[in-house]
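>>> here is a sequence with its predicted model. Questions after.
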Amino acid sequence: MTELKLTAKDFKTDQEVRWCPGCGDYAILAAVQSFLPELGRAREDIVVISGIGCASRFPYYVDTYGMHSIHGRAPAIATGLAASRPDLSVWVVTGDGDGLSIGGNHLIHALRRNVNLTILLFNNRIYGLTKGQYSPTSELGKITKSTPMGSLDAPFNPLSLALGAEATFVARSIDSDRRHLTSVLRAAAQHEGAAFVEIYQNCNIFNDGAFELLKDSGTRDDVTIRLEHGEPIRFGNDGQRGVVRSPGGSLRVAEVAEVGVDALLVHDAHADDPAVAFALSRLADASLAPTPIGVFRAVHRPTYDGLMQTQLDAAVETQGEGDLAALITGGDSWTVVN
Amino acid sequence: MAGVLRRVVCQPPAREGSEAVPKQVTQLDRVVIRFAGDSGDGMQLTGDRFTSETAAFGNDLSTLPDFPAEIRAPAGTLPGVSSFQLHFADHDIMTPGDAPDVLVAMNPAALKANLADLPRGGDLIVDTDEFTRRNLQRVGYAADPLEDGSVDGYRVHPIPLTSLTVDALAGLGVPRKDAERSKNMYALGLLSWLYNRPTEGTIRFLERKFATRPEVMAANLAAFRAGWNYGETTEDFSVSYEVAPATLPSGTYRNVSGNLALAYGLLAASRRGGLPLFLGSYPITPASDILHELSKHKRFGVRTFQAEDEIAGVGAALGAAFGGALGVTTTSGPGLALKAETVGLAVSLELPLVVVDVQRSGPSTGMPTKTEQSDLLQAMFGRNGEAPVPIVAPRSPSDCFDVALEAVRIATAYRTPVLLLSDGYLANGSEPWRIPDVESLPDLHVEFATEPNRDDGTFWPYLRDPDTLARPWAVPGTPGLAHRIGGLEKAAGTGNISYDPTNHDLMVRTRAAKVEGIARSIPPLEVDDPSGRARVLVLGWGSTYGPIGAAVRRVRAQGEAVAQAHLRHLNPFPPGTGEALRRYERVLLPEMNLGQLALLLRARYLVDIVSYNRVTGLPFKAEELAGVITDTVGSLD
């Protein structure tokens, strides 16, 4: 094995980055480029596949193999690549419109199959590239060019959707929190199977400040819950609040002083039952308070590509390598001699 | 000329001693049999078995299964009728036959749906047990057609098939309902006797199929033997028939359907190209059997992916192609519509991809189990932008094998998606296939890019081969060649995003020129004009080859001169196409659509075409086309 001494610079292409100045995508790109050397993989063994939208320009800026495909289809294309080339590290970059609207079907099926993919969904709750229509994650009543009197449809909660789609790895981070984002990327990359990461990303042109509550130094610690596996779930400036189970089975926020530390829910990302992770994914209200970030769920299940390879190997083992001439001749042939 | 090496000896199946008088055997040169019954009667299985017996005997043959899209339409109704037609002969034949000589009708619905196709004088075998008042009423017969004169003029063989089957199984302790279900094997036994078919294959088949259910095996075997014995002993059949084996070119043969041949062709192409086969597919009639077949062959390294939808099927195939696999997707017309955007992406990415469309009747859901040739223009133009795609079409079930190899050749050599247009008639129909020597198949070996292609040590993903205009296929994992591709327009050479006006014009023209240039790699159009005196050229494409060929033979047999040509490549057309069209006073083009190829040829060559179009969901009949050709020839005088 050759010693790999790559740096973030090695993952930058010569292409001019063309996102709007101030876009959250820059921070995510920088975080990914800085993280990739840590993967320990050669550049040529990494592939980034995207769909359409602002986020989906991502592959052009990462010096690996890459494909900027068509709207919503990246998970399907990546599935074909990952299933036929288990030796590669395949990443999907998508957005809330690309991944949850036009490509929602492919996303949920990639997750349930547990294809070995790392899926980064940049959620800015708006359509940016088409200049500001509401998206499937926009809050109800959102006023945009296409919804001048407010949007009428309830938004998707991406993490609830992923958990409902049998995802084995579900996490959330924020574009501006480089350290946290890097830690989530690390956990996602290490996961065998489909890893789904929602990244709250600011669109400063069409939906500026959508996640300000989680970014502003004055409010963020008060409303951000940093999930750590095996740790009691508590948050606030002084850790004064925490998450406890309600008698009905759902979760609620409580003052630690009132309920006591022992009453706090201990985060178990490896629990087979996704019910608690699901409840955590629905803890935040429309104002985002409080918002858990980190790894909600990370469980082991055989990967689709691994199982496919196992079947091929088993077929060869039990029946031997395929013999084309024998196959096409079949068992019911006859011979004519003139 | 030497005869057929392997003469199969017809032996009656083992049976209890019977004292039947040997019956007279009459020689025939060809026979068309149609088995018709309820969807639940097992007519397709019966037809398949008779076909296998006939193939093993060495006849030339051609089959036409015809069944409803509904899995189990209400029993005994007209929509539930399923049929299987088989034409077999002592000489080479091209179609499943225009009309049956023998109709086996398992119930009144089958009789009503098929009687009009049976010429007067034909043999009609009916299961009289099913002609109950209730069954007759269900299909609108006011009176029993077997008694009211409706079947006068036919040679009717009224046989209580159901009760004879039940009687034959009486000793086996089989429940009555199960016994009745074996009546198709009774009918098969009878027909096998009537046409002196070998029976060992069917016996072996039943023993294998029901190996784990001995009582069902015993019932089916007993019914099959009883049917044979009935033929030998009943006075209703005084004569049995023999159709001698056909004198086919030397070689080893098997019977093959279009979908099976297509699956084998893809598998063979994967082997000959040294590329692992990846099939991304979504179930759709009549293409699903290709998915089923390829899913069996994992030991060949074949990966089959049943996707969540048609779009994911082609997307995954394209993703696999990016990774260096032979990416294939299989579908039918409605699925092709859904795949259009991804095929356009493949045009832009310039990656190899094979898209198989087993055409069926449209528009929309249309008639899923019925055949048509109406996706040619969709294949040609069904994408946004200037997105040329090569198109190939097989002409017969066995030709699906060769055309699959050709589609892969074009896709991999030119780094382009290729559309293969089969259809329902080819997919389900079958014929004997001379099995090729694997080593004689085309060498489809592909070279991936492994080195930078610029003097400065860089790699340009859109630097082209000057001959084919194909770009390099550099797969992930190859050091030094990492690159990004996408659906945005690319700068010639570097492949970087480009909105430059002249670059776009250049790229559009280059992609078109690449596809046009494929014509240099295909043989010129072959025109069959034995007399050299023909004034009319009959042109076709796809599955009309059989009926057109049979019709041309008939017309020539009447002393008329007529030329025939058949297109395998629909885009680009083979060299010499325009010259051939201009050489004849009339070009007659039968199509199972409203003139789609005619439209393309007129536009391309400014030559008028006389179209003959019919879209009934059924293949043309040779007699019908012979009439059209004769009229066209006659119109010149």
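Yep, it's here. Numbers count the residues shown, from 1 in each chain, chains lettered A, B, ... in the order given.
>>> ok, which residues in the stretch 301-450 of chain B are in contact with chain A?
By the rule C-beta under 8 Å from any C-beta of the partner chain, the part of the stretch 301-450 of chain B lying against chain A is B:301, B:303, B:305, B:307-309, B:311-312, B:315-325, B:327, B:341-342, B:344-345, B:349, B:401, B:435-438. (Glycine included, C-beta is placed from N, CA and C.)
>>> so which of the residues you listed sit within strands?
Counting by DSSP state E, the part of those found in strands is B:303, B:305, B:327.
>>> from the residues of the stretch 301-450 of chain B next to chain A, which land in helices?
Using DSSP state H, the subset of these located in helices is B:311-312, B:315-322, B:341-342, B:344-345, B:349, B:401.
>>> and the two most separated of those?
Spanning the widest gap among these are B:341 and B:401, at 30.1 Å by C-beta to C-beta.
>>> list just the nearest of the ones in helices among the residues of the stretch 301-450 of chain B next to chain A to residue B:206.
Among those, residue B:401 lies closest to residue B:206 (C-beta to C-beta), at 28.9 Å.
>>> my guess is that closest one meets residue B:268, correct?
Yes. Residue B:401 sits in contact with residue B:268 when judged by C-beta atoms under 8 Å, with a separation of 7.2 Å.
>>> between residue B:341 and residue B:401, who's got more neighbours?
Legend: neighbour count by other C-beta atoms under 10 Å in any protein chain shown for residue B:341 and residue B:401, higher for residue B:401 (28 against 20).
>>> wait, doesn't residue A:99 sit right on residue A:107?
Yes. Contact criterion C-beta under 8 Å: residue A:99 and residue A:107 qualify, at 5.0 Å.
>>> comparing those two, which residue is more hemmed in?
Taking neighbours as other C-beta under 10 Å, residue A:99 and residue A:107 compare with residue A:99 leading, 36 against 28.
>>> can you say which helix or strand has the most centrally placed residue in chain B in it?
The centroid of chain B falls nearest to residue B:426 when counting by C-alpha atoms, centre = their mean (1.4 Å). Assigned by DSSP states H and E, residue B:426 belongs to helix B:424-428.
>>> quick check: mean pLDDT of that helix?
If you average the pLDDT over helix B:424-428, you get 97.
>>> which strands or helices does that helix pack on?
Secondary-structure packing of helix B:424-428 (3 or more C-beta pairs under 8 Å, 6 or more residues apart in numbering or on different chains; DSSP states H and E): strand B:60-66, helix B:258-273, strand B:353-359.
>>> right, and those - which one's nearest residue A:224?
Among the helices and strands packed on helix B:424-428, strand B:353-359 sits nearest to residue A:224 (C-beta to C-beta), with 45.8 Å.
>>> next structured bit after that closest one?
Toward the C-terminus, strand B:353-359 is succeeded by helix B:376-381 as the next helix or strand (DSSP H and E).
>>> in that next one, what's buried?
For helix B:376-381, the neighbour count (16 or more other C-beta atoms under 10 Å in any protein chain shown) marks B:376, B:378, B:379, B:380 as buried.
>>> next up, the contacts around residue B:626.
If a contact means C-beta atoms under 8 Å, 6 or more residues apart in numbering or on different chains, then residue B:626 has B:550, B:551, B:552, B:554, B:555 as its contacts.
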